[in-house]
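> below is the structure, and that's it, no one-letter string:
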């Protein structure tokens with residue numbers, strides 16, 4: 001039985017996703033509980049539950065709706081050496097931020113009220129919700145610096161002066177008039193804009 005290239009690519013993406021995110025609970029557990037020296041670190045359990053739950057839901061959603069976005073998000077290696085150095089530096093900085101609470105729990109360096117801890121968890125959850133909608137709107141969101149050929153075509157089309165002038169002219173007609181221009185006028189404007197930028201999509 002011959003498998004289509006699309007199915008093979010999807011199978012490859014799913015395998016990479018499950019391998020990467022499947023080990024996330026284990027890795028997070030080691031990062032939080034080894035420095036803490038105890039499983040009674042309830043703040044870590046709450047944070048991990050929020051993190052893993054939203055990660056699981058987001059991955060399931062984009063596997064169904066936009067697997068190409070997940071593939072982009074799994075690319076971590078930059079083309080430029082300087083960018084890889086920056087990634088490594090911020091990765092170590094983030095790792096230190098995850099390790100510090102465990103040492104704080106073990107040595108009791110600070111005593112933070114429970115209400116502040118829960119408020120911080122709520123902010124984290126809210127920020128991930130915002131991030132989800134950002135990914136949903138921007139299919140080209142990537143971890144690395146890259147420009148897709150389709151993006152360049154759209155940018156070239158929209159930055160063409162003739163197209164921009166016609167769009168502005170159409171908007172002026174819409175806002176100056178007491179009511180929007182007749183459908184045939186709007187349709188004619190859009191056709192002219194399309195003809196002016198068609199060379200970029202040929």
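The structure has been received and is ready for your questions. All values reported here derive from a predicted model rather than from experimental measurement.
> what sits against residue 35?
Applying CB atoms under 8 Å, 6 or more residues apart in numbering to residue 35 gives the contacts 99, 100, 101, 102, 103, 105, 106. All C-beta atoms are positioned from the backbone trio N, CA, C, and that covers glycine.
> what helix or strand is the residue nearest to the fourth one when sequence neighbours are not counted on?
Leaving out its chain neighbours, the residue that sits closest to residue 102 by CB to CB, 6 or more residues apart in numbering is residue 35, at 2.9 Å. Counting by DSSP states H and E, the element that carries residue 35 is helix 24-36.
> just checking, which helix or strand of this protein averages the lowest pLDDT?
Taking mean pLDDT, DSSP states H and E as the measure, the helices and strands of the chain show their lowest mean at helix 149-158, namely a mean of 49.
> contacts only, for residue 20.
residue 74 are the contacts of residue 20 under CB under 8 Å, 6+ apart.
> switch the cut-off to 10 Å
27, 59, 70, 73, 74 (CB atoms under 10 Å, 6 or more residues apart in numbering).
> buried sites along the helix or strand where residue 96 lies?
The secondary structure element spanning residue 96 is helix 81-107 (assigned by DSSP H and E). Buried residues in helix 81-107, counted by 16 or more other CB atoms under 10 Å: 101, 102, 104, 105.
> out of those, the closest to residue 126 would be?
If you rank the buried residues of helix 81-107 by distance to residue 126 using CB to CB, residue 101 comes first, at 19.8 Å.
> domains of this protein?
5-146, 153-201 (automatic domain parsing).
> out of the ones you listed, which gets the lowest mean score?
Set side by side, the domains of the chain differ in mean pLDDT, and domain 153-201 is lowest with a mean of 55.
> check the burial of residue 47 by counting its neighbours.
20 (other CB atoms under 10 Å).
> excluding chain neighbours, what is closest to it?
According to CB to CB, 6+ apart, the nearest residue to residue 47 is residue 121 (6.2 Å).
> and for residue 28?
Leaving aside its sequence neighbours, residue 28 is closest to residue 48 (5.3 Å, by CB to CB, 6+ apart).
> name the helix or strand for that neighbour, please.
Here residue 48 sits within helix 42-65, counting by DSSP H and E.
> now do that helix against helix 24-36, angle only.
If you take axes from the mean of the first three to the mean of the last three CA atoms, to 10 degrees, helix 42-65 sits at 160 degrees to helix 24-36.
> helix or strand right after helix 42-65?
For helix 42-65, the following helix or strand on the C-terminal side (DSSP H and E) is helix 67-73.
> most widely separated two among the contacts of residue 20?
Most distant of the contacts of residue 20, by CB to CB, are 27 and 70, 18.4 Å apart.
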